[in-house]
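Visitor: sequence-free structure coming up:
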């Protein structure tokens with residue numbers, strides 16, 4: 001359908017990361033919501049020239065960004081009612097005791113105006129949820145992903161136990177924190193979910209916030225990375241620009257290709273030219289804290305990265321603005337040891353890392369260590385009461401390898417090892433006397449004083465980086 005009303009529809013193409021006009025257009029009108037996100041509306045200018053086709057969802061994003069004036073909004077509302085499926089809140093069914101349809105659950109969340117009020121969504125026990133794949137036409141082949149907004153909580157069954165078997169299957173990232181407005185996705189909890197055999201990965205993050213996974217399982221994954229954080233200033237700007245220029249923000253493959261091809265030096269120069277504070281301006285966007293408590297990562301098989309920036313791993317953070325916290329987690333029976341894979345690992349991050357009471361058993365990784373940390377100066381690391389078995393004895397470091405700078409190829413020749421400190425899985429740390437009796441003699445490092453680092457030098461070819 002074409003919007004023929006006489007107004008000029010101007011699209012703000014932000015030159016910085018501040019929001020534009022304060023006016024927030026309700027695209028469908030007050031107390032109404034878009035229900036047909038992918039319907040296309042053509043918008044004409046005063047002289048009749050076509051500005052372009054935009055989905056109803058993209059128009060809503062434009063309104064959030066303040067790109068639609070009050071006068072334009074009044075002209076737009078009458079013509080989008082039918083194509084965008086504008087309805088009021090009473091058209092939704094009663095709020096169920098539990099959800100067996102993620103699409104319906106996210107419709108309820110879309111109707112929430114005040115995200116400062118906590119919301120709880122319970123998924124029905126013993127239910128399989130099959131997810132779709134993001135394309136430029138929206139999600140196809142299954143349900144939409146869970147896209148959390150501030151103060152929303154998701155759990156499996158009334159008690160939030162993984163034993164309730166809420167299976168989030170297939171699809172391209174069933175859980176996505178991409179471009180959350182009006183607030184960052186803070187105070188988010190995901191409890192008792194089982195992410196199984198997700199083709200693209202289980203969870204993707206490109207936004208600040210704090211998100212906690214409790215008693216969740218990530219099993220039988222076959223993606224190049226099960227959990228990825230792209231969050232930094234450039235990624236957020238790229239996603240925003242995608243929305244503003246009519247591209248979908250849901251095309252994950254396109255995002256990963258962009259990340260692989262991005263030029264950090266050129267990007268930094270553009271930011272500085274626009275009067276920003278360069279990459280240091282990321283601090284203004286806030287921090288992303290990802291917390292995993294009593295979670296299981298099991299039977300995950302590493303995949304060839306196919307030229308993408310992300311190397312094979314389970315949890316991969318790509319910027320120091322992401323902090324990772326693990327407590328009481330199990331990594332077991334994961335296979336990233338195929339000869340065609342480059343350096344692989346369970347966790348890779350240039351940001352802060354806390355790992356406590358966790359176990360690594362019967363895993364295979366390539367060349368480096370279960371955990372790889374980079375940074376100069378070294379980022380904050382705290383490790384305590386962790387156990388690694390001897391099933392992967394050929395690694396350069398049995399537990400954690402740390403590099404000064406992943407962009408400095410010379411520095412990759414020399415790294416430091418941090419050892420684990422528990423004699424058995426989730427037991428108390430071994431005493432000095434007990435350690436001497438153990439053939440493997442686990443170390444006693446609990447946090448990361450530099451004196452505990454064990455320098456290692458190996459040829460660069462060894463890493464496959």
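Guide: Noted; the coordinates are in hand. Predicted model, so just to flag it, every value in this text is computed and none were measured. Residues are numbered from 1 along each chain as shown.

Visitor: Isn't residue 328 up against residue 355?
Guide: No: applying CB atoms under 8 Å, one finds residue 328 not in contact with residue 355, separated by 10.4 Å. No exception for glycine: its C-beta is placed from N, CA and C like everyone else's.

Visitor: Between these two, tell me which one has more neighbours.
Guide: residue 355 (25 against 17; other CB atoms under 10 Å).

Visitor: Check which residues of stretch 358-371 are buried.
Guide: 358-361, 363-371 (16 or more other CB atoms under 10 Å).

Visitor: separation between residue 387 and residue 55?
Guide: Separation of residue 387 from residue 55 (CB to CB, to the nearest Å) stands at 50 Å.

Visitor: Quick check: residue 398 is in a helix.
Guide: No: the assignment for residue 398 by DSSP: H, G, I helix; E, B strand; the rest coil gives coil, which leaves it out of any helix.

Visitor: Spell out the residue ranges of the strands in the stretch 151-300 of the chain.
Guide: Counting by DSSP state E, counting those that start in this stretch, the stretch 151-300 of the chain has strands at residues 152-156, 166-169, 172-177, 188-191, 193-196, 201-205, 209-214, 217-219, 225-229, 288-293, 296-298.

Visitor: Show the average pLDDT along the third one.
Guide: This means strand 172-177. Averaged across strand 172-177, the pLDDT comes to 88.

Visitor: tilt between that strand and strand 152-156?
Guide: Using axes from the mean of the first three to the mean of the last three CA atoms, to 10 degrees, one finds that strand 172-177 and strand 152-156 are set 140 degrees apart in direction.

Visitor: just the helices in the stretch 251-400 of the chain please.
Guide: Secondary structure of the stretch 251-400 of the chain by DSSP state H, counting those that start in this stretch: the helices cover 252-261, 264-273.

Visitor: Comparing the ones you listed by mean pLDDT, which bottoms out?
Guide: helix 264-273 (a mean of 46).

Visitor: partner residues bridging the closest residue to residue 387 other than its chain neighbours?
Guide: Sequence neighbours aside, residue 422 is the residue nearest to residue 387 in space, at 4.2 Å (criterion: CB to CB, 6 or more residues apart in numbering). Counting by DSSP bridges, residue 422 forms beta bridges with residue 429.

Visitor: And residue 422, how close does it get to residue 315?
Guide: Taken as CB to CB, the span from residue 422 to residue 315 is 20 Å.

Visitor: out of those two, which sits in the busier spot?
Guide: Of the pair residue 422 and residue 315, residue 315 is the one with more neighbours under other CB under 10 Å, namely 26 against 19.

Visitor: mind checking pLDDT for that one?
Guide: The predicted structure scores residue 315 at 95 on the pLDDT scale.

Visitor: repeat for residue 28
Guide: pLDDT at residue 28 comes out at 85.

Visitor: re earlier: turn the buried residues of stretch 358-371 into TSV, including distance to residue 397 and pLDDT.
Guide: TSV is the format used below for the buried residues of stretch 358-371 (distance: CB to CB, whole Å; pLDDT from 0 to 100):
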residue	distance to residue 397	pLDDT
358	16	98
359	17	97
360	12	97
361	17	96
363	14	95
364	15	93
365	10	91
366	13	85
367	10	80
368	7	82
369	4	90
370	8	94
371	8	95
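
Visitor: can I get the residues you listed in a markdown table with distance to residue 171?
Guide: A markdown table is the format used below for the buried residues of stretch 358-371 (distance: CB to CB, whole Å):
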| residue | distance to residue 171 |
| --- | --- |
| 358 | 27 |
| 359 | 29 |
| 360 | 28 |
| 361 | 28 |
| 363 | 25 |
| 364 | 26 |
| 365 | 26 |
| 366 | 27 |
| 367 | 31 |
| 368 | 30 |
| 369 | 31 |
| 370 | 27 |
| 371 | 28 |
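
Visitor: Check those against residue 350 and report the nearest one.
Guide: Of all the buried residues of stretch 358-371, residue 350 sits closest to residue 371, with 12.3 Å by CB to CB.

Visitor: how far away is the closest residue to residue 192 other than its chain neighbours from residue 213?
Guide: Excluding the flanking residues, the one nearest residue 192 by CB to CB, 6+ apart is residue 156, at 3.6 Å. For residue 156, the distance to residue 213 equals 12 Å [CB to CB].

Visitor: Common neighbours of those two, please.
Guide: Common contacts of residue 156 and residue 213 (CB atoms under 8 Å, 6 or more residues apart in numbering): 191, 193.

Visitor: residues near residue 297, how many?
Guide: Neighbour tally, residue 297, other CB under 10 Å: 29.

Visitor: My guess is it contacts residue 333. True?
Guide: No: under the criterion of CB under 8 Å, residue 297 is not in contact with residue 333, lying 9.4 Å apart.

Visitor: Assumed residue 71 was part of a helix.
Guide: Yes: counting by three-state DSSP, residue 71 is part of a helix.

Visitor: what's around it, how many residues?
Guide: 11.

Visitor: okay, now residue 56: neighbour count?
Guide: With other CB under 10 Å as criterion, residue 56 counts 21.

Visitor: For it, which non-adjacent residue is closest in space?
Guide: residue 84 is the one closest to residue 56 (CB to CB, 6+ apart), at 3.8 Å.

Visitor: What separation is there between residue 74 and residue 84?
Guide: 16 Å.

Visitor: quick one, which of the two is more surrounded?
Guide: More crowded of residue 74 and residue 84, by other CB under 10 Å: residue 84, with 27 against 13.

Visitor: tell me the contacts of residue 368?
Guide: Residues counted as contacts of residue 368 (CB under 8 Å, 6+ apart) are 343-345, 395-397, 401, 463.

Visitor: All the strands of the stretch 301-450 of the chain, residue numbers only.
Guide: Under DSSP E, counting those that start in this stretch, the stretch 301-450 of the chain gives strands at 313-317, 322-327, 330-332, 345-349, 353-356, 359-361, 371-374, 381-384, 387-388, 400-403, 414-418.

Visitor: can you list those in TSV and add distance to residue 146?
Guide: Shown next, in TSV, are the strands of the stretch 301-450 of the chain (distance: least, CB to CB, whole Å):
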stretch	distance to residue 146
strand 313-317	18
strand 322-327	19
strand 330-332	23
strand 345-349	23
strand 353-356	25
strand 359-361	28
strand 371-374	27
strand 381-384	30
strand 387-388	32
strand 400-403	31
strand 414-418	34
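
Visitor: Residue 194 is nearest to which of those strands?
Guide: Among the strands of the stretch 301-450 of the chain, if distance is taken as CB to CB, the winner is strand 330-332, at 13.8 Å.

Visitor: which residues touch the closest one?
Guide: 295-298, 314, 346, 358-363, 370, 425.

Visitor: Can you tell me the strand partners of it and which way each runs?
Guide: By DSSP bridges, strand 330-332 pairs with strand 296-298 (parallel), strand 359-361 (parallel).

Visitor: how about the ones you listed in TSV, adding distance to residue 304?
Guide: Formatted as TSV, the strands paired with strand 330-332 follow (distance: least, CB to CB, whole Å):
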stretch	distance to residue 304
strand 296-298	20
strand 359-361	23
